[in-house]
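>>> Generate a structure from the sequence data that follows.
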Amino acid sequence: MKKLTLLIVASVGVVGLLGLYNMTNPSVANAATTANSKLSQTINPGVLSTDIRDSTNSLVNNPTFAMGATTVSSSLGSGIGVFGDNDNRIYAENPGAADNGWTLTLNVATPGTGVWSAGGGKQYKYNGTINEGRLTVNPAGGTVTPVIGAAAGITKGTSTTFSGTSPVTLMSASATASKVWAGYITNTSLAQTIPAGQAAGTYVLPMVQTITAL
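Presented below is the predicted three-dimensional model:
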């Protein structure tokens, strides 16, 4: 028996012995040369926001939009201007935060009570009668430029005269608009009536734009 065993070992060889070992050792027989896994990445919605940016997409802090200069008059006067230009783009951004749409509005910093003021008690209204002074905003003639997303579902506001405390809509997005959208509106026209006999001065009316999810 000893001789027979030696002969078997000799004929099987080292490779054969390893095969026999693997067949009798399950942990070796089932060993794999690959293993599966997967990566996970969560992308959360951002924050609905609005600001004013220049042509390089840099933020512009507290810009001034100057109305055309007028002259003191004994009759009703008027001034015209533009809200938003290429160097002061009225920007809106919806990074997936308002799937049902959003509205961008413009109002004075103190709605209802705010006035055009030049100091020293010189002032006139933005929301009064035509003779007291009233401001009309018309985004309809402006230009909406998408940066991310499509133009579909984005609507410009209509010509609106300030009344009471109500804001004016510059542009809005419906539920069918791109869920991730960024862009701006420029060249919204402004028209302000100026009371007869209004004293000379440089008058200022602080404004605030607001974006709200629907």
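
>>> any chance you could map the helices in this protein?
2-24, 26-29 (DSSP state H).

>>> what's Val180 in contact with, if anything?
Contact partners of Val180, counting by CB atoms under 8 Å, 6 or more residues apart in numbering, are Asn94, Pro95, Gly96, Ile148, Gly149. For the C-beta atoms, the positions are set from N, CA and C on the backbone; glycine is no exception.

>>> The nearest residue to it once chain neighbours are set aside and Ala177, how far apart?
The shortest distance from Val180 to any non-neighbouring residue, by CB to CB, 6 or more residues apart in numbering, is to Gly96 (5.1 Å). Noted for Gly96: a distance of 12 Å to Ala177, by CB to CB, to the nearest Å.

>>> So which of these two has more stuff around it?
Ala177 (23 against 15; other CB atoms under 10 Å).

>>> That one and Val144 touch, don't they?
No - applying CB atoms under 8 Å as the test, Ala177 and Val144 come out as separate, 11.2 Å apart.

>>> what comes up buried for stretch 152-171?
Neighbour counts over stretch 152-171 (16 or more other CB atoms under 10 Å) mark 153-157, 160-162, 167-171 as buried.

>>> Let me know the distance separating Leu106 from Thr160.
For Leu106, the distance to Thr160 - CB to CB - is 9 Å.

>>> what is in contact with the two at once?
Shared contacts of Leu106 and Thr160 (CB under 8 Å, 6+ apart): Val137, Val168.

>>> Would you mind listing the residues in contact with the residue nearest to Thr158 when sequence neighbours are not counted?
Nearest residue to Thr158, sequence neighbours excluded (CB to CB, 6+ apart): Ala140, at 5.5 Å. Neighbouring residues of Ala140 by CB under 8 Å, 6+ apart: Lys156, Gly157, Thr158, Ser159.

>>> repeat for Asn88
Contacts of Asn88 by CB under 8 Å, 6+ apart are Ile52, Arg53, Asp54, Val60, Pro63, Phe65.

>>> Dump those residues into TSV; add neighbour count, pLDDT and distance to Val72 as well.
Listed next are the contacts of Asn88 as TSV, based on neighbours: other CB atoms under 10 Å; pLDDT from 0 to 100; distance: CB to CB, whole Å:
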residue	neighbour count	pLDDT	distance to Val72
Ile52	18	98	31
Arg53	16	98	36
Asp54	14	98	34
Val60	13	98	32
Pro63	11	95	27
Phe65	15	98	22
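
>>> Comparing the helices of the chain, which yields the minimum mean pLDDT?
In terms of mean pLDDT, the lowest-scoring of the helices of the chain is helix 2-24 (a mean of 46).

>>> Can you pull the poorly scored residue ranges out of this protein?
1-30 (pLDDT under 70).

>>> do you know how far Val208 is from Ile52?
Taking CB to CB, one finds Val208 at 11 Å from Ile52.

>>> surely Ser159 meets Val137?
Yes - using CB under 8 Å, Ser159 is in contact with Val137, at 7.3 Å.

>>> you'd agree Pro45 is up against Glu93?
No - at 11.7 Å, Pro45 does not count as touching Glu93 under the criterion of CB under 8 Å.
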